[in-house]
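Asker: dropping a prediction and its sequence here:
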Amino acid sequence: MDTVIRLGVFVGMLLLMMAWEAYSPRRPLRYSRWQRWPINIGLSAITTVLLRFSIGGIAYFSAVLAAEMQFGLLNIVILPFVLSVVLALVLFDLAVYGQHLLLHRWPLLWRLHKVHHTDLDFDVTTAVRFHPVEIVLSLFYKVFVISLLGAPAIAVLIFELILSTSALFNHSNIAIPVAWDRRLRWLFVTPDMHRIHHSTAQGETDSNFGSSISLWDRLFSTYTPEPALGQTGMHIGLSQYQYSPAVTLKKLLLMPFRS
Ligand SMILES: [Zn+2]
């Protein structure tokens with residue numbers, strides 16, 4: 001059942017953002033969608049199938065197991081249920097911020113994560129452009145965090161929904177009025193905030209790591225409010241990978257393992 005809900009929310013949000021991008025785009029795309037979308041969606045399809053028939057359910061399972069074994073912070077410190085769910089959600093988001101920082105700072109992890117950053121345009125499909133091995137590793141990391149926190153199983157389900165919905169939202173090429181963007185950014189990561197993280201300028205790539213809550217970047221001084229060249233003038237991607245967007249799936253899958 002939870003797979004149906006997750007898939008339904010994901011596809012609904014994907015289509016909504018695609019429609020919004022078509023109706024009111026933030027920037028003109030440099031390349032045809034047909035050059036990038038099959039690659040991005042192809043990567044996501046491989047990962048989905050891979051996880052569906054292997055370890056896809058272990059995050060939820062680890063929460064159930066931690067509760068049964070009375071393991072982890074929130075299973076030891078007993079709080080009102082709603083409070084422990086909210087606390088777990090906030091701490092999860094902090095953990096994902098930390099993970100994202102590591103993906104950029106640790107060269108071995110960067111080999112995997114750079115696949116995400118080699119997209120030469122920035123739109124909703126960029127949100128699903130990840131190397132399958134990165135997704136598998138992040139699943140193990142999630143299990144580690146869930147066990148340590150003793151997170152309630154329902155918090156794991158809610159967090160998965162928040163994470164995928166906010167990733168689709170904040171990678172979208174949608175025009176949100178600047179005043180609204182400012183208001184939203186007090187708490188949430190907006191597309192204008194996250195796009196800066198996909199800039200070819202190294203200092204900008206190494207900032208705005210947050211996934212849902214914008215607070216962590218301000219708190220840990222990794223926040224860049226605006227790109228130097230402006231939202232419509234900034235370049236997307238990595239300066240050392242400005243090749244054709246029609247790079248093959250095979251090349252991207254092998255990219256982390258090449259010197
Ligand atoms: Zn990143």
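Answerer: Nice, I can see it.
Asker: for the rest of this, base every contact and every neighbour count on C-alpha atoms.
Answerer: Fine.
Asker: quick one: low-confidence ranges for this structure?
Answerer: Counting by pLDDT under 70, the chain contains low-confidence ranges at 1, 243-246.
Asker: the helices in it, which residues?
Answerer: Under the criterion DSSP state H, the chain contains helices at 2-23, 33-52, 58-68, 73-76, 81-105, 107-117, 132-149, 153-170, 178-185, 191-197, 202-205, 215-219, 249-254.
Asker: which residues are in contact with the fourth one?
Answerer: Contacts to helix 73-76, defined as CA atoms under 8 Å, 6 or more residues apart in numbering, come from residues 66-67, 70, 84, 148-152.
Asker: may I see the buried residues of that helix?
Answerer: 73-75 (16 or more other CA atoms under 10 Å).
Asker: out of these, who's nearest Phe144?
Answerer: Leu73 (12.4 Å; CA to CA).
Asker: rewinding a little: make JSON lines from the helices of the chain and add distance to Ser239 to it.
Answerer: Converted to JSON lines, the helices of the chain look like this (distance: least, CA to CA, whole Å):
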{"stretch": "helix 2-23", "distance to Ser239": "25"}
{"stretch": "helix 33-52", "distance to Ser239": "18"}
{"stretch": "helix 58-68", "distance to Ser239": "36"}
{"stretch": "helix 73-76", "distance to Ser239": "43"}
{"stretch": "helix 81-105", "distance to Ser239": "15"}
{"stretch": "helix 107-117", "distance to Ser239": "10"}
{"stretch": "helix 132-149", "distance to Ser239": "22"}
{"stretch": "helix 153-170", "distance to Ser239": "22"}
{"stretch": "helix 178-185", "distance to Ser239": "27"}
{"stretch": "helix 191-197", "distance to Ser239": "13"}
{"stretch": "helix 202-205", "distance to Ser239": "9"}
{"stretch": "helix 215-219", "distance to Ser239": "24"}
{"stretch": "helix 249-254", "distance to Ser239": "16"}
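Asker: of those helices, which approaches Thr232 most closely?
Answerer: helix 191-197 (10.1 Å).
Asker: which residue is the nearest non-sequential neighbour of Leu139?
Answerer: Closest residue in space to Leu139, ignoring its immediate chain neighbours: Ala59 at 6.9 Å, by CA to CA, 6 or more residues apart in numbering.
Asker: surely that neighbour meets Leu137?
Answerer: No. Using CA atoms under 8 Å, Ala59 is not in contact with Leu137; the gap is 12.0 Å.
Asker: with neighbour numbers in mind, choose between those two.
Answerer: Per other CA atoms under 10 Å, whichever of Ala59 and Leu137 has more neighbours is Ala59, with 23 against 12.
Asker: residue contacts, the more buried one?
Answerer: So Ala59 contacts 139-140, 142-143, 146, 156 (CA under 8 Å, 6+ apart).
Asker: repeat that for Val85.
Answerer: Applying CA under 8 Å, 6+ apart, one finds that Val85 lies in contact with 151-152, 154-155.
Asker: still on that earlier bit, and the residue nearest to Leu139, how far from Ala88?
Answerer: 14 Å (CA to CA, to the nearest Å).
Asker: next one: Ile39
Answerer: Relative to Ala88, and taking CA to CA, Ile39 is found at 34 Å.
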